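Chemist: Structure for this input, please:
(4 chains)
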There are 2 protein chains.
Amino acid sequence: MPKETDDPKQQPGAGCSIRGVLDRIGDQWSLLTLEALEDGKKRFNELMREIGDISKQMLSKTLKHLEQDGFVRRTVYPEVPPRVEYELTEQGRSFLIPMKTLIGWAEQNHAAITIARQRHEDS
Amino acid sequence: MPKETDDPKQQPGAGCSIRGVLDRIGDQWSLLTLEALEDGKKRFNELMREIGDISKQMLSKTLKHLEQDGFVRRTVYPEVPPRVEYELTEQGRSFLIPMKTLIGWAEQNHAAITIARQRHEDS
DNA sequence: CGGGATCCTCGCGGATACTG
DNA sequence: CAGTATCCGCGAGGATCCCG
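Modeler: Model (predicted):
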């Protein structure tokens, strides 16, 4: 893939927009971060603790991406010690709907998947 | 992450099952492959052409994962030249629903995201 | 406390060649 | 045609230190 501009080989409607958005929310952390922000404002270290096994860079990078894409609003309070809070924007909250659908499916089928996965191990 | 068994730090309901499933469908290719299989049986090279910029290993690996997780059924026809066809299972088709919801959201909001993304460039 | 800069590792994933 | 095996570059991402 020499260029990152739109690939004319791709269908303009379907595949194109999917990739752009899913590449972002597809990574391990974005969904978990959005989910952690679901129930209100959170501070940086608060998010780290909630997500658990995420490093600072990854959380920082993920939040920056989410902010850049309009999912998250970042508010800095000019205090000392500094305090920064993150919260979902309207767009971010609207995304929770398809996301919840996905998570719901995952929870319902995750057992079946685990079984299918193990069945393949004995082969 | 020394062990891959369930992490007791995680909530058993929410975060846990999300990760297991999303790790699989989260990668670049699984979703595109499932989408390519949406309208019926496909052969290997047919899938490669349809997806476009996927290599043989990645398609092979992705299909193997999807088969292992019960999303895809693989059928080998004992002919010469060999023919192999892939198709969605029931579970695979059921997954199309949340997936479509997600894609639909992506298509609707992808323009807004692009704008938000560019707005951040001038900063 | 909230991150940025740096270093370094590890495995994703492309290219190619080979097999059945 | 439908993969598997091998080599290898490169970038994601963890650890650590530092700064405002």
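Chemist: Report all helices and strands that the longest helix along chain A contacts.
Modeler: Under DSSP state H, the helix in chain A containing the largest number of residues is helix A:90-122. Helices and strands touching helix A:90-122, by 3 or more C-beta pairs under 8 Å, 6 or more residues apart in numbering or on different chains; DSSP states H and E, are helix A:28-36, helix B:14-25, helix B:56-68, helix B:90-122. Using the backbone N, CA and C atoms, a C-beta is placed for each residue, glycine as well.
Chemist: Can you list the helices and strands that the shortest one packs against?
Modeler: Applying 3+ C-beta pairs under 8 Å, 6+ apart, we find helix A:28-36 packed against helix A:14-25, helix A:44-51, helix A:56-68, helix A:90-122, helix B:14-25.
Chemist: quick one: contacts for the residue lying closest to residue A:30 once chain neighbours are set aside?
Modeler: Distances taken as C-beta to C-beta, 6 or more residues apart in numbering or on different chains place residue A:62 nearest to residue A:30, at 5.6 Å, with adjacent residues excluded. Counting by C-beta atoms under 8 Å, 6 or more residues apart in numbering or on different chains, residue A:62 makes contact with A:27, A:29, A:30, A:33, A:54.
Chemist: ok, back up a step: mind giving me JSON lines with the helices and strands packed on helix A:28-36 and columns for distance to DNA strand C and mean pLDDT?
Modeler: Below are the helices and strands packed on helix A:28-36 laid out as JSON lines (distance: least, C-beta to the nearest atom of the strand, whole Å; pLDDT from 0 to 100):
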{"stretch": "helix A:14-25", "distance to DNA strand C": "10", "mean pLDDT": "70"}
{"stretch": "helix A:44-51", "distance to DNA strand C": "3", "mean pLDDT": "95"}
{"stretch": "helix A:56-68", "distance to DNA strand C": "4", "mean pLDDT": "95"}
{"stretch": "helix A:90-122", "distance to DNA strand C": "16", "mean pLDDT": "90"}
{"stretch": "helix B:14-25", "distance to DNA strand C": "10", "mean pLDDT": "72"}
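Chemist: picking up where we left off before, tell me which of the helices and strands packed on helix A:90-122 sits most buried.
Modeler: Across the helices and strands packed on helix A:90-122, averaging neighbours per residue (mean count of other C-beta atoms under 10 Å in any protein chain shown) puts helix A:28-36 on top, at a mean of 21.
Chemist: That helix to helix B:14-25, inter-axis angle?
Modeler: If you take axes from the mean of the first three to the mean of the last three C-alpha atoms, to 10 degrees, helix A:28-36 sits at 150 degrees to helix B:14-25.
Chemist: does DNA strand D sit close to helix A:28-36?
Modeler: Yes: judged by C-beta under 7 Å from any atom of the strand, helix A:28-36 and DNA strand D are in contact via residue A:28.
Chemist: Can you list the neighbours in contact with that helix?
Modeler: So helix A:28-36 is contacted by A:24-25, A:42, A:47, A:50-51, A:54, A:58-59, A:62-63, A:65-66, A:71-72, A:88, A:92, A:95-96, A:99, A:103, B:14-15, B:18-19, B:22-23, B:26 (C-beta under 8 Å, 6+ apart).
Chemist: From the chain's centroid, how far away is stretch A:90-100?
Modeler: 11 Å (C-alpha atoms, centre = their mean, to the nearest Å).
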